[in-house]
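In: need the 3D shape of this:
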Amino acid sequence: MCGRFTLAATPEEVAAFLALFDLEDFPPRYNIAPTQPILMATAGPPREPGSNLPDRIALLVRWGLIPSWCKDPKKLPLLINARSETAAEKNAFRAAMRHRRALVPATGFYEWKRQGAKKQPYLIRPKGGGIVAFAGLTETWSEPGGSEIDTGAILTTAANEQIAHIHDRMPVVIRPEDFSRWLDCRTQEPRDVADLLRPVEPGFFEAIPISDKVNKVANMGPEIQEPVDPAISPPPPTSPAAKRQPRGEEDQLKLL
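Out: Numbers count the residues shown, from 1 in each chain. Coordinates of the predicted model:
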């Protein structure tokens, strides 16, 4: 699952990475949380020969997808993630998988590993730094009053062997050479891009233990990413309750 992430790059760096034009200025963000605005890139409109329209366009969306058919978002769980293995069949994500695939720029994400009675947060970022693109979905929801809200979710997959000891899920990473194919919803159906929905290879990311400052959404500065020495404690005894699936991504899909 991806419940927090960071985008600490300049607009110029993000625009160059995603081949975007006229990207508005924005500050570095170190603790992006659900329901906050997030940047996504989608395919631009079809171009006529000789047109100078951009191939990709930037969107600012609410992190938490609301399906277009939803009458009352309060009756749905918060859909910040979609399981890549089943998104093409799930009622909440099926239309977006077919028509509205997107890229989510990030410079890392956060995950928590249980250690005894505590959870140790980790910053998981591309090894050596830089920007990465997560696979995303976007949907426009119309309020009863007629106004529209652009919303989105991040696709996840099984964690690779490097990350699995921290959490069993991780965001799907789309490589730059696959951007166009992933975003092409006119000729590429979900089955045509299913091969992209796989864990990134071990060694792509590095996992850095950080302080629990990241736990509070109000903490938004770069100091939350400062490395710490994690306090290792023995794991708690296994119990039936411990084996239950934690609330989160699975709970998002049970009602759909």
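In: helices of the chain, residue ranges please.
Out: 11-18, 94-99, 179-183, 240-243, 249-254 (DSSP state H).
In: weakest of those by average pLDDT?
Out: Least confidently modelled of these is helix 249-254, at a mean of 41 by mean pLDDT.
In: contacting residues around the closest residue to Glu223 other than its chain neighbours?
Out: Once flanking residues are discounted, Glu223 sits nearest to Lys213: 6.7 Å by Cβ to Cβ, 6 or more residues apart in numbering. Where you see a C-beta, it was placed from the backbone N, CA and C, and this is true even at glycine. By Cβ atoms under 8 Å, 6 or more residues apart in numbering, the contact set of Lys213 is 219, 223-224.
In: report the buried members of these.
Out: Buried residues within the contacts of Lys213, counting neighbours by 16 or more other Cβ atoms under 10 Å: Ile224.
In: could the contacts of Lys213 go into JSON lines alongside pLDDT and distance to Gln162?
Out: Output for the contacts of Lys213, formatted as JSON lines (pLDDT from 0 to 100; distance: Cβ to Cβ, whole Å):
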{"residue": "Asn219", "pLDDT": "97", "distance to Gln162": "27"}
{"residue": "Glu223", "pLDDT": "97", "distance to Gln162": "26"}
{"residue": "Ile224", "pLDDT": "97", "distance to Gln162": "22"}
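In: let me know the closest of the contacts of Lys213 to Phe205.
Out: Phe205 lies nearest to Ile224 out of these, by Cβ to Cβ, at 17.9 Å.
In: ok, the closest one - contacts?
Out: Per Cβ under 8 Å, 6+ apart, neighbours of Ile224: 30-31, 210-211, 213-214.
In: let me have those in TSV, extended by distance to Asn81 and pLDDT.
Out: Formatted as TSV, these follow (distance: Cβ to Cβ, whole Å; pLDDT from 0 to 100):
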residue	distance to Asn81	pLDDT
Tyr30	20	98
Asn31	17	98
Ile210	21	97
Ser211	25	95
Lys213	23	96
Val214	18	97
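In: tell me which of the residues you listed is nearest to Thr10?
Out: Tyr30 (14.0 Å).
In: right, and that closest one touches Val217 too?
Out: No. Contact criterion Cβ atoms under 8 Å: Tyr30 and Val217 do not qualify, at 11.0 Å.
In: higher neighbour count, those two?
Out: Tyr30 (23 against 13; other Cβ atoms under 10 Å).
In: give me the number of residues near the closest residue to that one other than its chain neighbours?
Out: Excluding its sequence neighbours, the residue lying closest to Tyr30 (Cβ to Cβ, 6+ apart) is Thr6, at 5.1 Å. Per other Cβ under 10 Å, the neighbour tally for Thr6 reads 23.
In: what of Glu13?
Out: 16.
In: 722 is where my numbering starts, stick with that
Out: In the new count, where the first residue is 722, that last one comes out as Glu734.
In: identify the residues contacting the nearest residue to it once chain neighbours are set aside.
Out: Leaving aside its chain neighbours, Glu734 sits nearest to Ile852 (6.3 Å; criterion: Cβ to Cβ, 6+ apart). Ile852 makes contact with 730, 734-735, 738, 826-828 under the criterion Cβ under 8 Å, 6+ apart.
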